[in-house]
Every structure is written in structure tokens, then in C-alpha cells.
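Chemist: A predicted structure for the sequence below; I have some questions about it.
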Amino acid sequence: MNKLLSITSAFIITFSAMAQKEYSKKVTSKYITLPSYNISEIDPASVSIEFAMKEGVFGTEKTKEAKSLCISSDATSNEIVTVTNYYYEIPYTQQDSYLVAKNTDGTFVFADKIPEAQGASFKFGWDTKMGQPLCENFLSNKLKTSFISTGDSFKAKKDSEFQRSVYQIAIEKAKANVYPSYVSEDFKVYSAKGKEFDYTSLDEAFDKAMAAYKSINKNGLNSDDIARLKESIVTWEKELNGIDLDNRKARISKSIGKGLHENCIIACLYIFDFKNAKAHINSFLELYGNLSTNRSNAVKDLFFRTQQQAMASQENTIIINEVAKLHSLASSKNKEVRATQLSSSDFNRLATEYEQYITMVANEVGENFKDDNAAAIASGEVNPYKQFYSPIAAGGPAMILFMAPSTLSGIPVLEELPKEMCVYTDLTQIVILNNSVSSITPDIGKLTVLKKLDLSGNNLKTLPPEIGLLTNLKSIKLSRNPLESIPNEIVNCTSLKTLIIKKTTLSDQAIAELERLLPNCKIKY
């Protein structure tokens, strides 16, 4: 027994030593964000910024007591004594505020909402220098009398101070969006290790990237570090060409490939190669994004950043190529703006303009995504039916188009069940309802694990003979199709339990033949 345990332990140790795996290291760096307008034509200092905030809301004051060090009330003594004194703690709720930035022609440049925040409070009757209640408030009635006479002015002052602090924070954020600006972030750079394979190229790319990010964090963006990141991207992409998604023990396994895609995304964003960043985001999400994890959610967040910055880069192609000038602008401490803090009477106007800005950005990002997706589909980079593929659907991986074609649903008119759908060979379900499918690609024979085929409400007159290759098919629904025949090869669908052919044009003779061919299948007509 002990010998068996020793052999097993030795095997585990040997296997662990040989197994490859990803490894990562966190790095702090900073990237440059670009404004949404052409800064070569419009001076950022000419951008006007307006800010408005509702007055804060104060809650009911609560009497509190605490010890204070005070000079004795005895006229003959200057002794310091400890006295119990009183103060009020007043809850405060910061109301919503809005900031809107526009260029000289009134076009939106940036807008932001600072949401309501609860949990703050102010202390009335408190000595801030000493950090204790005021010594004169040794009686609660004395505190009350003081609050009646000066409480309103105290609240007004605190509200004004708080609004001013929120305003300053909002203006700094606006500057970071009106000017090119550096944004600090922490992230991981990934590589791989394992005794069984040589990862020298990945180690070199890892070291180059880490050195570049650290240099950028210290010195800002520069041509040398851009070159180093480009070299690393070339290595990572070359390695990704050899990824083996089905073999966990492969040199570049699916797990290792995940980190390499993330490396490429971040590096491409740093060097303004947004097209390539989008390509790696799409590849990452196609492989790993169907399950919600911290890593996949982080990449999804990067998608919106990439879309926005890609649009901004189209406005700023000149400055992007002038790295030294871009760095100078982004790192400048003297970013002048024309900012105005408005009264609460302008709050509703800014709230409306903020909503207009958000809608405008969402529409622009959406249109940009559609254009990118259309170009990727046209070039063959993206499967046109990927958006309808769900690997985690109830019942197994599915291709589902359950609504009629429309612009609103995004479902196209299909005259054929296309071969592009059949590249997803793990499909167990295909559901295409109320469309115009009149033929089915012979490639459907590749879907050997398909269990459910629902093509109700289409224009099919028959099925392809390759249907007989689907030996795991359990259910076929073909109601409301102008069916004239079903090929005899359906007899090979030995797992078929249900065939629904209601409201078709199949003859009684054809139905009788199906019943003969499929004695163990329930046929509904």
C-alpha cells in the first residue's frame, strides 16, 4: 500500500513539474485618453464647462456628548480640566450634480453626472482644531440656543463648502476629458511556464512589455516604449497562431491563450492600435466571454473604452503621430478651462443636456460597432451568425432566431439555413422561426450532436439527404412549411422521438411512408 502511494505521489509530482501553465505579474502604468474632438483645430482652453448641483439635504440634528479639555471656570485657576460637553451631529445628503462641456460651436465634448451620496454628516458646536466639542457647550440647552441662532448659517456654509469640493473634483475630471490626459491603472501581464516546453520567446516579450509599461509610468509615452510594445504584440500574436483550444496540455493551450489575448488588448490600447485591440477583444470574448468571470467582465469593460477612444482617434490622427507633443499635452499641469459653477436653477437644463450627451455617445458607439462588425463580416473575420450562437443555452449550445426578421430584432431574412451556422459543430439546437428558409445547406450533416431542429414557419419543401447523418436528433419541428416530401434518409435518424409536421402540404401517402420509416417516432400532423 505504501509503495502504491509512493508511486502515485511520484506520478503527481512528475506530472505537476511537467505541466505548463500561465503566470502573471501586476504592473502599474498609465495610458493617454484622447478627447472626442480635434485638438489640432480647437484649443481645449476654449471649451466651456458648466456645473450645477442641487442644494444638499440636511437631516435632523442628533445630540452627542464627548469629553473636552477645557480651562477651569474657576477664576482663580487656569487649570486644564476634562469636561463632558455637547455637540450636534447633522446628517447630510449630497444631491445629484451635472457637468457639461461644449466646444465653441456648442457641440458636446463631455458630460458627467455625480450621483446622490448619503452618509456624510457635519458637527455643530465642534472645535475642529482641538478635535472636541466647544468648551462653552457644557449644557445641552446652551447648544440648542446657539443652534437656533446660527444653525441655518452653519448649514448654508457647510453646503457651500461641500458643493465647492464636488465642483473641484468634477472640473478635474472634465479636464481629463477635454485635454489629452494620463490615466493610471494596475493590470497584469501574462506569460507561460513549464519544463516540457520552451517559452523563451514569451519570456522575452513579457520582459519587454513590463519594462515598457514601467518606463511609461515613470517618463510618459515615448517612441522607444511604443516600439517595445509593438515587438511584444508581434510575438504574442505569433504564439496565438499555434493555440490548441482542445488540448489542455498543448504548448499554447486555451488557458495560456487567454492571457496572451489580454496582453494584446492592453498593449494595442497603449499604442492607439484600436482596430487590433477590437479584434483581440472579439477573439477573447468568443473563446472565454460566455461565462461571467472577473477577467471576462474586465475585457467587456475594455470594449466600451476601445470604441470611444477609436472614435476619438479618428478626430486626432495628427496628434497621435506626434508622440512628444501628445505626451506634453497629457502631462501638463496647467490645463486651463472656462468653467462656471451655476446656481441650482440651471440644474434641470444640465440634466437634460447630460441625457442628450449620453444618448449621443451610445448611438455613436453603436453605429461604430455596426460598421466594424459589417466590415469584419464582409472580410470573413467574423461569422455573421455569431451573435445568435449561445454556447450556454438551456438544453445545450444553440443557434436561436426565434423572432421574425426585422431591424428591431436584428434577425436577418434567411432564404437558406446557411453553412456559416454549421461551423459551430457543438450545436445541440437550431431554432429558426417564422423566416423565409427554403433550403438547408448540406453542411448540416456536420452537426452530429444536434438534438433539436425547429424550422417552423418557413418555406421548406423538403430536407437535404444529409439529415440522415444526424443520428442524435430527437426532435424535428417543421409545421407551417409547404413541405412536399421528406427524404428516406430520415430513417437513419435512429434517436428521433418527435416529428411535428402540422399545417404542411405533405400528402397522406407521404405521411404514411414516414410512419413506416419511423415506427418509434411520434409524428404529429
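Modeler: Yep, it's here.
Chemist: what about Lys333, which SS state?
Modeler: Under the three-state scheme (DSSP: H, G, I helix; E, B strand; the rest coil), Lys333 adopts coil.
Chemist: how many residues are close by it?
Modeler: Each residue near Lys333 was counted by other C-beta atoms under 10 Å, and the total is 4. All C-beta spots, glycine's among them, are computed from the backbone N, C-alpha and C.
Chemist: which phi and psi does it have?
Modeler: Note on Lys333: its backbone torsions stand at phi -90, psi -10 [degrees, to the nearest 10].
Chemist: okay, it: pLDDT?
Modeler: The per-residue pLDDT reported for Lys333 equals 87.
Chemist: how close does it get to Tyr270?
Modeler: Separation of Lys333 from Tyr270 (C-beta to C-beta, to the nearest Å): 22 Å.
Chemist: please name the bridge partners of the nearest residue to Thr498 once chain neighbours are set aside.
Modeler: Distances taken as C-beta to C-beta, 6 or more residues apart in numbering put Ser475 closest to Thr498, at 4.5 Å, once the chain neighbours are dropped. When assigned by DSSP bridges, Ser475 has beta-bridge partners Lys452, Thr498.
Chemist: Ser475 against Leu455, yeah?
Modeler: No. Using C-beta atoms under 8 Å, Ser475 is not in contact with Leu455; the gap is 11.5 Å.
Chemist: neighbour count: these two, which is higher?
Modeler: Using other C-beta under 10 Å, the more surrounded residue of Ser475 and Leu455 is Leu455, with 22 against 18.
Chemist: contacting residues for that one?
Modeler: Taking C-beta atoms under 8 Å, 6 or more residues apart in numbering, we find Leu455 in contact with 417, 430, 432-433, 437, 440, 477-478, 481.
Chemist: need the helix or strand of this protein with the lowest average pLDDT.
Modeler: Least confident element among the helices and strands of the chain, by mean pLDDT, DSSP states H and E: helix 2-18 (a mean of 43).
Chemist: tell me where the stretch 1-150 of the chain has helices.
Modeler: Remark: helices assigned in the stretch 1-150 of the chain by DSSP state H, counting those that start in this stretch are 2-18, 140-178.
Chemist: just to revisit the earlier point, and the contacts of Leu455, which is closest to Lys249?
Modeler: Nearest to Lys249 among the contacts of Leu455, counting by C-beta to C-beta, is Ile430 at 32.9 Å.
Chemist: for that closest one, give me the pLDDT.
Modeler: 95.
Chemist: ok, now how distant is the closest residue to it other than its chain neighbours from Thr425?
Modeler: Nearest residue to Ile430, sequence neighbours excluded (C-beta to C-beta, 6+ apart): Met399, at 4.9 Å. From Met399 across to Thr425, the span is 12 Å (C-beta to C-beta).
Chemist: what about those two, which has more around it?
Modeler: Shown here are Met399 and Thr425; by other C-beta under 10 Å, Met399 has more neighbours (22 against 12).
Chemist: correct me, but the more buried one touches Tyr389?
Modeler: Yes. Between Met399 and Tyr389 a contact is recorded at 5.6 Å, counting by C-beta under 8 Å.
Chemist: who touches both of the two?
Modeler: Among the neighbours of Met399, those also in contact with Tyr389 (C-beta under 8 Å, 6+ apart) are 421, 424, 427.
Chemist: can I assume Arg402 is in contact with Gln429?
Modeler: Heads up, residue 402 is Phe, not Arg. No. Taking C-beta under 8 Å as the definition, Phe402 is not a contact partner of Gln429, at 10.8 Å.
Chemist: more neighbours: these two, which one.
Modeler: The neighbour comparison of Phe402 against Gln429 (other C-beta under 10 Å) goes to Gln429, with 20 against 14.
Chemist: my read: the more buried one touches Pro391, true?
Modeler: No. Look at Gln429 against Pro391 with C-beta under 8 Å: they stay out of range, at 11.1 Å.
Chemist: overlap of the contact sets of these two?
Modeler: Pro397.
Chemist: the domain parsing of the protein - what is it?
Modeler: Here the domain assignment for the chain is 20-38+185-331, 44-178, 386-524, based on automatic domain parsing.
Chemist: turn those domains into CSV, columns for distance to Leu350.
Modeler: Output for the domains of the chain, formatted as CSV (distance: least, C-beta to C-beta, whole Å):
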stretch, distance to Leu350
domain 20-38+185-331, 18
domain 44-178, 4
domain 386-524, 32
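Chemist: do you know which of the ones you listed lies nearest Ser343?
Modeler: When the domains of the chain are compared by C-beta to C-beta, domain 44-178 sits nearest Ser343, at 7.1 Å.
Chemist: quick check: mean pLDDT across that closest one?
Modeler: On average, domain 44-178 scores 92.
Chemist: again with stretch 241-249
Modeler: For stretch 241-249, mean pLDDT rounds to 88.
Chemist: for that stretch, buried residues please.
Modeler: Applying a neighbour-count criterion of 16 or more other C-beta atoms under 10 Å, one finds Ile243 buried in stretch 241-249.
Chemist: one more: stretch 412-432?
Modeler: 412, 414, 417-418, 421-422, 424, 427-432.
Chemist: same question, stretch 222-236
Modeler: Residues of stretch 222-236 classed as buried: 225-226, 228-229, 231-233, 235-236 (neighbour count, 16+ other C-beta under 10 Å).
Chemist: let me know the average pLDDT across that stretch.
Modeler: For stretch 222-236, the per-residue pLDDT averages 97.
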